[in-house]
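no FASTA, just this:
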């Protein structure tokens, strides 16, 4: 997961669902593909002509596109919501992400998606990125419901040598080590033999092996494929793609954007190969396929990456109940979760969505808040530690030097088009009445967030309604877990390999001297020095 967002809550993420009629008759297999930091404009079905995603475009045209499905802005919180059907503010994982050396993960008293599906007779496997805790083995995938895991624990990894160079904020020098593992049950192995092989090819091959070996007559399959693409790799070589694909995109003048587009193409190829594996086994027509990004893209070199969210603004759930019901479960058995089952809506049996609001986050460290209720969205303090120059619209580099990608309206059925950016209005997120950095947007009529309605007299009741819904969630939130870094987690103490380093499963409490105010000041300085 890339570390920073100038506007944490503004992005609509991409979700594609393929459902077939046969899935309604028997328990369907489930393939859930999660891309990492994929931008809104980084797929063909949203209108880009420089990106080649033929497999995803076909899935979109044949399936259901959820253009208003929100995800959280950072990796660990977003993946926590996916795995638990609970908002991270109710767990304590709403602030930042799980950092190198932190004894932190989804607490063990929470049941995860694969465990729920296993109770319904499924066999669950995982391939790719975890990033939900690995300090103690009970937090790793095969101890949380997956029969096997082939992938990496940290937030990112080199696509070729599979080493991760990372450290928590303020820790120098960076820690370095191998982060590729193959775990089956309690057996945990580190993988050295795949050095030099591009990660999305490795992950697609492993997914293909699982599909080829699975006994579909005995049990339905849940396969969670969490790809690296198009997240950055290590800072020394951040945007990576096979060299032969780099030459395929000469219509993009900027070297790193061209390599990013090639990286996205490799992601599409990986998805294609996994879908073909299902087709070869004759089970595709009884498989639910979901494709999503964990959050939005990181544009124009921020954090070394070159995604594009245009025409949406700035830089970068419900699936557990939905899939549980699709698998034959009774959602009432899930207990007190925050997610809803959207199965009837996705199947076309009900046109009224049970979800009417989406809490995007409440971060008490930076006093960031954002929520959408109906067609309206409220944001408080969207700039994080960045100045407002990062709160803008960033077009991808185009074909000619120093040009931008040319976008045209009505290119695809799911494209968002808002026209030219207005030049005669105040585009800032600022209230002249309260003095706060706050915005109110009508997303239905202004999806690109051109017009801040926070001081408009006609929208004061709307603002009050949004603040009341935020107050409800603030009453439910728990203090974010921010345990200190444990030096024993450094890979140099473990043969230069990332992995569990303690037998103690307890997540340490926050240090007694820590305060949200001091943490905010410290992290502002650390992040500015990093940038």
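The structure has been received and is ready for your questions. These figures come from a predicted structure and were not determined experimentally.

just the strands from the stretch 51-200 of the chain, written as ranges.
Chain-ordered strands for the stretch 51-200 of the chain, with DSSP state E, counting those that start in this stretch as the definition, fall at 64-65, 123-129, 148-152, 163-166, 175-178, 181-184, 187-190.

which residues are contacting the second one?
Defining contact as C-beta atoms under 8 Å, 6 or more residues apart in numbering, one finds that strand 123-129 is touched by 34, 36, 75, 114, 117-118, 141, 145-152, 155-157, 203, 206-207, 210, 214, 219-228, 231. (Each C-beta comes from the backbone N, C-alpha and C, glycine too.)

flag the shaky bits of the stretch 101-250 of the chain, pLDDT-wise.
Across the stretch 101-250 of the chain, not a single residue meets the criterion (pLDDT under 70).

so where do the helices sit in it?
113-119, 199-213, 243-246 (DSSP state H, counting those that start in this stretch).

quick check: which of these is nearest to residue 491?
For these, distance to residue 491 was read as C-beta to C-beta. The smallest value, 18.3 Å, belongs to helix 199-213.

and the closest one with strand 123-129, angle?
Counting by axes from the mean of the first three to the mean of the last three C-alpha atoms, to 10 degrees, helix 199-213 lies at 170 degrees to strand 123-129.

which residues sit against helix 199-213?
Residues from elsewhere that reach helix 199-213, judged by C-beta under 8 Å, 6+ apart: 125, 127-128, 148, 150-151, 157, 159-160, 162, 194, 221, 223, 225, 227-229, 266-267, 269-271, 273-274, 277-278, 280-281, 283.

pull out the buried members of the residues you listed.
Of all the contacts of helix 199-213 considered here, the ones buried according to neighbour count by 16 or more other C-beta atoms under 10 Å are 125, 127-128, 148, 150-151, 157, 159-160, 162, 194, 221, 223, 225, 227-229, 266-267, 269-271, 273-274, 277-278, 281, 283.

quick check: pLDDT value at residue 83.
Reading off the confidence values, residue 83 has pLDDT 96.

going forward, count from 38.
Yep, numbering from 38; the last one is residue 120 now.

show me what contacts the nearest residue to it once chain neighbours are set aside?
With sequence-adjacent residues excluded and distances taken as C-beta to C-beta, 6 or more residues apart in numbering, residue 120 is closest to residue 149, at 4.5 Å. In this structure, residue 149 makes contact with 120, 121, 143, 181, 182, judged by C-beta under 8 Å, 6+ apart.

how close does the third one get to residue 453?
Distance, residue 143 to residue 453, by C-beta to C-beta, to the nearest Å: 33 Å.

swap in the fourth one?
With distances taken as C-beta to C-beta, residue 181 is found 36 Å from residue 453.

hmm, back to that, between residue 143 and residue 453, who's got more neighbours?
residue 143 (24 against 16; other C-beta atoms under 10 Å).

shouldn't the more buried one be in contact with residue 169?
Yes - with contact defined as C-beta atoms under 8 Å, residue 143 and residue 169 form a contacting pair (5.4 Å).

identify the contacts common to those two.
117, 120, 176.

turn those residues into TSV, including distance to residue 388 and neighbour count.
As requested, the shared contacts of residue 143 and residue 169 are exported to TSV (distance: C-beta to C-beta, whole Å; neighbours: other C-beta atoms under 10 Å):
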residue	distance to residue 388	neighbour count
117	30	27
120	29	22
176	41	23
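
so for residue 406, which of the helices of the stretch 138-287 of the chain sits nearest?
It's helix 150-156; of these, that one is closest to residue 406 (C-beta to C-beta) at 27.2 Å.

what are the buried residues along the closest one?
Under 16+ other C-beta under 10 Å, the buried positions of helix 150-156 are 150, 151, 153, 154, 155.

now distance to residue 383 too, for the residues you listed, in a markdown table please.
As requested, these are arranged in a markdown table below (distance: C-beta to C-beta, whole Å):
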| residue | distance to residue 383 |
| --- | --- |
| 150 | 17 |
| 151 | 21 |
| 153 | 18 |
| 154 | 18 |
| 155 | 23 |
